[in-house]
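J.: Structure, please.
(one chain, ligands or ions: 1)
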Amino acid sequence: MFIDNLFLIFLIGAVIGSFLNVCIYRLPKNLDIIYTRSSCPKCKKKINWFDNIPLISFIILKFKCRFCKKSISPRYFVVELISASFLCFAFVYVFNYLDIILLSLIFYILVIIFFIDLKHFIIPDCLNFILISLGILKNFFPETSLNLNQDIFQSFLGGVLGYLIIWLLIFLYKKIKKVEAMGLGDAKLLSAMGFILGIQSIFIILFIAAILGLIFSVPNLISGKSSLKTAIPFGPFLILASIIYFYNF
Ligand SMILES: [Zn+2]
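T.: Numbers count the residues shown, from 1 in each chain. The predicted model follows:
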């Protein structure tokens, strides 16, 4: 590790997490993410800087807005904690700056997609396109220490297959069951993972994502909370599956 102040890195990660929260809240609503000051989602009052300190303010304010006292979703805290922990992890295990920047960009965009899809069942195109661009660009990087695919041929095949396979699943589902199983956002997301991890990752990611989806759905199906027609966002499962693939294959 070349920066030995892990506390500082944790802080920077938490600040980044705070920005990720802004993106998660505002991107699906097409709101500006840079120039507008944060406000309470419930009472719309502007948040003071001292109430906007990542992680700490949530604990001090006991997850409630200072003005309207309505509770603030723990998601904000969780995202900042994930973001901060990830950056520490990256600095401990990855040994050059370019790799850390690349890995962080990919991871942070996946975090934004994860939480937007979970709540709104959409994946903004701009995020998928940034991921795809990163997946293509990294083929031209000097050899990375990361477990990413850098063979340009396999990368492009992965990108194309990732899109086609989900497009085909959507098409077949519509024909046979007359339901929309997934969206093209999922197709673009798997395409991005194909560009990043290579063609050999596609079937494994899809398989793991399907298993995760099943594990998540079965308890709700049994308890009658949902039926086979209940929509569940597939993006979060694709993302978890990609992370599992990245660490294990
Ligand atoms: Zn409020």
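J.: Give the burial count for residue 97, as a bare number.
T.: Using other C-beta atoms under 10 Å, residue 97 has 11 other residues around it. To be clear about C-beta, it is placed using only N, CA and C from the backbone, and glycine gets the same treatment.
J.: Quick one: low-confidence residue ranges for the protein.
T.: 1-4, 228-230 (pLDDT under 70).
J.: Get me the contact residues on it for the ion.
T.: Those residues of the chain that sit near the ion, judged by C-beta under 5 Å from the ion, are 40, 42, 43, 65, 67, 68.
J.: which residues are contacting stretch 112-120?
T.: With contact meaning C-beta atoms under 8 Å, 6 or more residues apart in numbering, stretch 112-120 is reached by 20, 23-24, 27-28, 75, 79, 122-124, 127-128, 185, 189, 233-236, 239.
J.: Buried only: go through the residues you listed for me.
T.: Buried members of these, counted by 16 or more other C-beta atoms under 10 Å: 20, 23-24, 27-28, 79, 123-124, 127-128, 185, 189, 233-236, 239.
J.: Buried ones among the residues of the chain next to the ion?
T.: By 16+ other C-beta under 10 Å, the residues of the chain next to the ion give 40, 65, 67 as buried.
J.: For the second one, which non-adjacent residue is spatially closest?
T.: Taking C-beta to C-beta, 6 or more residues apart in numbering as the measure, residue 65 lies nearest to residue 40, with 4.4 Å between them; neighbours along the chain are not counted.
J.: Please name the residues that touch that neighbour.
T.: By C-beta under 8 Å, 6+ apart, the neighbours of residue 40 are 47, 65, 67, 68, 70, 72.
J.: what's the answer for residue 142, then?
T.: With C-beta under 8 Å, 6+ apart, residue 142 has these contacts: residue 98.
J.: Residue 240 contacts residue 211, doesn't it?
T.: No - contact between residue 240 and residue 211 fails when scored by C-beta atoms under 8 Å: they sit 10.3 Å apart.
J.: okay, and the common contacts of those two?
T.: Contacts common to residue 240 and residue 211, judged by C-beta under 8 Å, 6+ apart, are absent.
J.: more neighbours, the two?
T.: residue 240 (18 against 12).
J.: Against residue 222, how distant is the nearest residue to the more buried one once chain neighbours are set aside?
T.: In this structure, residue 240 finds its nearest non-sequential neighbour in residue 212, 5.7 Å apart by C-beta to C-beta, 6+ apart. Plainly put, residue 212 is 17 Å away from residue 222 if you go by C-beta to C-beta, to the nearest Å.
J.: same check, this time on residue 136
T.: 43 Å.
J.: Those two: who's more crowded?
T.: Set side by side, residue 136 and residue 222 show more neighbours around residue 136, with 16 against 9, by other C-beta under 10 Å.
J.: pretty sure the more buried one is touching residue 195, no?
T.: Yes - counting by C-beta under 8 Å, residue 195 is a contact partner of residue 136 at 5.7 Å.
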